[in-house]
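need a 3D model of the sequence below.
(chains A and B)
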Amino acid sequence: MSGSDSSAAISAPSTPPASLWQQIREAATSWNQTERPTWIYIFKMVFAALLALGIGMRLDLDSPRTAMTTVFIVMQPQSGMIFAKSFYRIAGTLVGSLAVVLFVALFAQTPELFLLCTAIWIGLCTAGSAYNRNFRSYGFVLSGYTVALIGIPAVVHPALTFDSVVTRVTELSLGIVCAAVVSALIFPQRSTPALIRTIRSRFSAFVDLIGGTLGGSVDRQQLENTNARFIGDIIGLEAMRSSAVFEDPDVRLRSGRLTRMNSEFMALSTRVHALHQLMNRMHGDSHAVIVEAIESYFREVGPLLTRSGGEPVMSATDAADASEKLLHFKAELPKRIRATRGELADAQVSASALLDFDTASELLYRVIEELHAYTATYASLVPRTHEREQRQPAYVPKTSLLTASIAGVRAGIVLLILSAFWIASGWPSGDFAALNAAAICAIVSALPNPAAATKKMAYGIAIAIGLGYVYAFHIFPHLDGFLLLASALLPVLLLAVYMTTRPATAGIGMGMCIFFTFLAVPDNQAHFNAVTYFNQSAALMTSIIVSTIAFQVLLPPATAWLVRHMEKQLRKQVVQACFGKLPQLAASFESGTRDLMHQINALTSEQAALQKSALGWMFATLEIGHAVIELRLELELIERDWPKLLPSSAQLALKELRDYLPALFADPNARTLAAAFHANNRAINAVHATIGPAYRERSERHRLQRTLSYLHFIRTALLDEQSPLQPLHDRSANNNNNIEGKPHAA
Amino acid sequence: MPREISLFGAYIPTLLLIVIATGLLTMAIDRLLVHIGWYRLVWHPALFRISLFVCLAALSGLWVYQ
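As a prediction, this is how the structure comes out:
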């Protein structure tokens, strides 16, 4: 049915005087595709919330509205995400509950100490949540603010602590169960199809990029955009995978392969970028013969990634075929490259041009190798079990300890200020203000722009206070029975949930959902007390205002200083590449660098200049860091197989390079750049001299040649015209030219 | 079976423990069913899983309250 509908929608514009019936059908189709899932989600969410409220009331829980709030907090469009979020919510609540029982047992007599301890705990948990990714970070948030939520009221009545822990856990579980059951049973929206869509679209986007890059039709801007999108994709896929394993047993079986695909993809995209940059530089150096020789190989790669009919590879099944072809191509490549190199050498091409050719062909071989691995893993997703599932390098997120601790300290300070105010003023709802501010700080810290998010939430709370007043004092007293209550709540809840589904009003909607429920929805024993209501409303407003101020004043996450700090972290990745432990280093280097870039992207989403400079550093770091890692792997193999192959002078030169490169990235200036550049040239000279003009056995020669090509690649990366290192070159330009010709003069 | 069990001095309904145990049991059975490919034959896997859990929990609840 939907097939014929969509074809009608496509053909409609070509026949201008469409009948009314056709127009209605067209509108219905487009609504069906875009709006229907949203509305299903809205109704599911409201239904789950009312279900939780109803069951809570029927079970005589103390405050069924907590269960309802929980539904709003855990509800996500896809059921896998709900399971993941619920899992960590329960885990976090349990940890927090244990902490509450412990703290109350220790400090029940001295609220000041208890609050200090709670502030430190919340600070630690918020820092922990900033340090983790995905829903695990949410677990940390929960274990932090559960302490505030249960503990602060418990300070007033310590004897009730255990009961309130049990009550809260019960209510929370009820909310979670309702959300999970409703989302899984009624029109389930699964994460898995989205996961498959992402994998497919990324594969085809990547194939396009490879075709374009190797065909020379992609400019720098486009390449940057594509790469920036890939960073988001890589992290998104990791997030999706980590929640889809909760939902779909088939995904759980393939989880290792998905992780592997992600890390292979990162390696491959770095390599393709490197090759692209190298070719750009070679075009600039005008070795037309060399460029032509290598580009004839590039043109053969594109067709390998298409099906027999010429259309691009789409599904995992097609990928199996492509992977076969790539394997064949890869096997043939070295022989053909050697033949081409022989022809070039006969044609009296200069030594430096030959070195360019070697470097490019080495990179090409690696691109093919990694492309084959990536395609093979893609193809391996079809069967349920596969040997590629085993032992994967995990995705390693890289959060700076500093940003995490800033978030933690901020949450701690906010809680301390408000609780000090509470104790000093004796304000009856002060405890509520304090715990709420702690919860808001903890929840919002993970967002890219917390100050804006809290501001939006404040609008939501203001609306909730107004609506809540009308409901609590003018509507609810006239109602009798759950059905009437539910139908009275329905319009507000529908509106609030609808708002959460629009990006522009999502924060407002979230504030309304959570706090309208909190303020207005009656408990089993309904109290209609205007003084309490206004006290709590004032406390809510105070807490959100204080949190907003805290996010704007206490080192707001988007300051240029913080971005510079992150950029420094990014460059420091080179140190890891130079000195980290070799096994798995490449994978953790790749994911760590991209993760940092992803965080910078989020911080600088409105400052294009900062973002561009960080992206430039990311490419420089990735290229050079990757080359260093490969160089180290190569040297390790040489060390193992032919310990005497490299003379001590060459080894010394290589060791020096390993010291100068991190120095350059730690403090990029003209002097460190010149030093790193010289060290690199010395290393090139030394290895060049080791190869020598005399005959060498082919495998030995090949190893040395490879070492040389990595060094050469580092050199071209240092000289790259678009790299952020370029402006530093000016003063040392003379030195460069002196050395440039020298190593290849032979 | 007693209807409440004392856990460090706090009385906990046996039913709660049983529900937790059945939850774990369901997960174990679920893993097994995944491995033999059972879910390819099931129309609504989530519904199947929840029904399995409800059946097991109800049976063991009857055993407590018989």
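
from here on, contacts and neighbour counts on C-alpha atoms
Noted.

can you tell me the centre-most residue of chain B?
B:T22 (2.3 Å; C-alpha atoms, centre = their mean).

and for chain A?
Central residue of chain A (C-alpha atoms, centre = their mean): A:I235, at 3.3 Å.

mind checking if stretch B:6-17 is in reach of chain A?
No. Using C-alpha under 8 Å from any C-alpha of the partner chain, we find that stretch B:6-17 stays clear of chain A, coming within 9.8 Å at best.

so A:M541 is in which element?
helix A:530-553 (DSSP states H and E).

other SSEs contacting that helix?
helix A:401-425, helix A:430-444, helix A:450-470, helix A:506-520 (3 or more C-alpha pairs under 8 Å, 6 or more residues apart in numbering or on different chains; DSSP states H and E).

could you give the angle of the second one to helix A:450-470?
Meaning helix A:430-444. 130 degrees (axes from the mean of the first three to the mean of the last three C-alpha atoms, to 10 degrees).

what's the angle from helix A:430-444 to helix A:530-553?
Going by the same axes, to 10 degrees, helix A:430-444 makes 40 degrees with helix A:530-553.

buried ones in helix A:430-444?
A:430-444 (16 or more other C-alpha atoms under 10 Å in any protein chain shown).

if I look at A:D248, how far off is A:V74?
In this view, A:D248 and A:V74 are 19 Å apart by C-alpha to C-alpha, to the nearest Å.

please apply the same query to A:T548.
23 Å.

more neighbours: the two, which one.
A:T548 (23 against 20; other C-alpha atoms under 10 Å in any protein chain shown).

hang on, the more buried one packs against A:M457?
No. Between A:T548 and A:M457 there is no contact under C-alpha atoms under 8 Å: 9.7 Å.

the residue of the stretch 301-450 of chain A found nearest chain B - how many residues pack around it?
As assessed by C-alpha to the nearest C-alpha, chain B sits closest to A:R384 within the stretch 301-450 of chain A, at 8.9 Å. A:R384 has 15 neighbours, counted by other C-alpha under 10 Å.

can you give me phi and psi for it?
Backbone torsions of A:R384, given as degrees, to the nearest 10, read phi -70, psi -40.

quick one, what contacts it?
A:D250, A:L253, A:R254 (C-alpha atoms under 8 Å, 6 or more residues apart in numbering or on different chains).

so where's the longest helix in chain B?
Looking across chain B with DSSP state H, the single longest helix is helix B:14-35.

next secondary structure element downstream of that one?
Next along from helix B:14-35, by DSSP H and E: helix B:45-64.

list the buried residues of stretch A:667-675.
Residues A:P668, A:A670, A:T672, A:L673, A:A674, A:A675 are the ones in stretch A:667-675 that count as buried (16+ other C-alpha under 10 Å).

chain B: which of those residues is nearest?
A:P668 (53.2 Å).

does the closest one sit in a helix, a strand or a coil?
coil (DSSP: H, G, I helix; E, B strand; the rest coil).

isn't it right next to A:L725, touching?
Yes. Here A:P668 reaches A:L725: they are 7.4 Å apart, a contact under C-alpha under 8 Å.

hang on, the earlier thing: so what touches the helix holding A:M541?
A:410, A:414, A:418, A:428-430, A:432-434, A:436-437, A:440-441, A:450-452, A:454-455, A:457-458, A:461-462, A:465, A:473, A:519, A:557.

that helix to helix A:506-520, inter-axis angle?
Using the same axes, to 10 degrees: helix A:530-553 against helix A:506-520 is 150 degrees.

count of residues packed around A:M510?
That count, for A:M510 with other C-alpha under 10 Å as the rule, works out to 23.

coming back round to it: tell me the phi and psi of the residue nearest to the centre of chain A?
phi -70, psi -40.

what about the closest residue in space to it that isn't next to it in sequence, which SS state?
Counting by C-alpha to C-alpha, 6 or more residues apart in numbering or on different chains, A:I235 lies nearest to A:D595, which is 7.4 Å off, once chain neighbours are set aside. Of the three states, A:D595 takes helix under three-state DSSP.

and for B:I5?
strand.

that one pairs with what?
B:I12 (DSSP bridges).

list the residues that contact it.
Contacts of B:I5 (C-alpha under 8 Å, 6+ apart): B:Y11, B:I12, B:P13, B:T14.

who wins on neighbours among these?
B:T14 (17 neighbours).

wouldn't that residue be in contact with B:R3 here?
Yes. Using C-alpha under 8 Å, B:T14 makes contact with B:R3 at a distance of 5.3 Å.

quick check: the gap between A:T270 and chain B.
Look at A:T270 and chain B: by C-alpha to the nearest C-alpha, to the nearest Å, they are 37 Å apart.

now do the contacts for that residue.
So A:T270 contacts A:L622, A:E623 (C-alpha under 8 Å, 6+ apart).

quick one: buried residues of whatever helix or strand it lives in?
Element membership of A:T270 [criterion: DSSP H and E] is helix A:249-285. Residues of helix A:249-285 classed as buried: A:249-282 (neighbour count, 16+ other C-alpha under 10 Å).

please apply the same query to stretch B:58-66.
B:A58, B:S60, B:G61.

and what of stretch A:332-344?
For stretch A:332-344, by 16+ other C-alpha under 10 Å, it's A:L333, A:I337, A:T340, A:R341, A:L344.

how about those in TSV, adding secondary structure, distance to A:P643 and pLDDT?
Converted to TSV, those look like this (DSSP: H, G, I helix; E, B strand; the rest coil; distance: C-alpha to C-alpha, whole Å; pLDDT from 0 to 100):
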residue	secondary structure	distance to A:P643	pLDDT
A:L333	helix	29	85
A:I337	helix	28	83
A:T340	helix	31	85
A:R341	helix	28	82
A:L344	helix	32	80
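
centre of the chain to stretch A:457-474, how far?
36 Å (C-alpha atoms, centre = their mean, to the nearest Å).

where does chain B dip in pLDDT?
B:1 (pLDDT under 70).

so which bits of it are right by chain A?
Residues of chain B lying near chain A (C-alpha under 8 Å from any C-alpha): B:R31, B:V34, B:A46, B:L47.

need the buried ones from those residues selected in PyMOL.
For the buried members of the residues of chain B next to chain A, the matching PyMOL selection, counting by 16+ other C-alpha under 10 Å, is:
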select buried, chain B and resi 34+46
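
list the contacts for the residue lying closest to A:A670 once chain neighbours are set aside?
Excluding its sequence neighbours, the residue lying closest to A:A670 (C-alpha to C-alpha, 6+ apart) is A:L728, at 4.9 Å. By C-alpha under 8 Å, 6+ apart, A:L728 lies in contact with A:P668, A:N669, A:A670, A:L673.

so what's the residue count around A:V291?
19.

if you could redo that for A:A453, that was the one I meant.
19.

right, and it touches A:G507 too?
Yes. Here A:A453 reaches A:G507: they are 6.1 Å apart, a contact under C-alpha under 8 Å.

what angle separates the one helix or strand A:Y498 maps to from helix A:506-520?
Per DSSP H and E, A:Y498 falls inside helix A:482-500. Helix A:482-500 runs at 160 degrees relative to helix A:506-520, counting by the same axes, to 10 degrees.
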